[in-house]
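[1] no sequence on this one, just coordinates:
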């Protein structure tokens, strides 16, 4: 028993000696690693806040993009601190960096579509072809922008539907922004009958535009004959409004024009066509030589509404 006790004591003393030697050998490394970790977290947090505040002062940077770039800077600093700490204990950091590069490449290939959306989201936030609250049309998607994220953009259609569009679908196509410019032009085309007075119709439309306070005086409203259709003469009222008033002004002027034309005896004709009935020679007339070429036959035209 005494020999076994002495053996255990010897092993314990050897273990304590090895621990002491390890502690003495790596004391400065451990202390340096702790200091690096604490300083790294402090510097990473300060860098994140500083970069975010600096980017928010720039008008070209969106809040989402500023937060994303500041987070990237934070994690980059923390990764650098982790590699430095491992180097304190003699770990070969070159192999770690190579492994991180391989992992990053694999993740990039696996998330190629997602990374494409992130890149497109960054470009949308930097160049700002549209902002929150604007009404746009892009890639057969039409609606009001509700939020712009790094992966997708949320939109609301005119009939209240929710649309989540990938950023790549909005970036790789032409974007029509109906809300960006302060003023918009509208061409209100109304068809009148061929027997109606064109000058009178133009005067009525100009008077209506002059009475509507939403119609801008510069550029000045104008009227002109835009087309000669099958059953009507197209008279166009061209005017400019503030962008928020564009739709309401169009609706109001369309209704007012119909009422004013009715009051002034100006017709808005239905689609119609002229039908000519040509006589067809019978077999007996053909035998007697009394038939005439169809092109020489004349009859009084009859006008009827299209589709009747």
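    That came through, no problem. Predicted model only: the values in this text are computed from it and were never measured. Numbering: from 1, shown residues only.

[2] so what's residue 132 closest to, chain neighbours aside?
    Spatial nearest neighbour of residue 132, excluding adjacent residues (Cβ to Cβ, 6 or more residues apart in numbering): residue 145 at 5.3 Å. C-betas here are computed from N, CA, C, even on glycine.

[3] Now name the helix or strand holding the residue most central in space within the chain.
    Central residue of the chain (Cα atoms, centre = their mean): residue 170, 5.2 Å from the mean position. Taking DSSP states H and E as the criterion, residue 170 maps to helix 167-171.

[4] Below-threshold pLDDT in the stretch 1-150 of the chain: ranges please.
    1-8, 12-29, 59-62, 64, 89-93, 95-96, 99, 105-113 (pLDDT under 70).

[5] which residues in it form helices?
    Using DSSP state H, counting those that start in this stretch, the helices assigned to the stretch 1-150 of the chain run over residues 2-56, 63-88, 93-110, 112-127.

[6] got the buried residues for the shortest one?
    Along helix 112-127, these residues count as buried under the neighbour rule (16 or more other Cβ atoms under 10 Å): 116-118, 120-125.

[7] ok, so of these, who is nearest residue 177?
    Distance from residue 177 was checked for each of these by Cβ to Cβ. The minimum falls on residue 124, at 12.2 Å.

[8] End to end on stretch 122-142, go ahead and measure it.
    21 Å (Cα to Cα, to the nearest Å).

[9] Contacts for that stretch, please.
    60-62, 64-65, 68, 143-148, 150, 153, 155, 157-158, 163, 165, 167, 169-180 (Cβ atoms under 8 Å, 6 or more residues apart in numbering).

[10] Can you point out the buried residues in that stretch?
    In stretch 122-142, the ones that count as buried by 16+ other Cβ under 10 Å are 122-125, 128-130, 135-136, 138, 141.

[11] Could you do stretch 200-210 as well?
    Within stretch 200-210, the residues that count as buried by 16+ other Cβ under 10 Å are 201-202, 204-206, 208-209.
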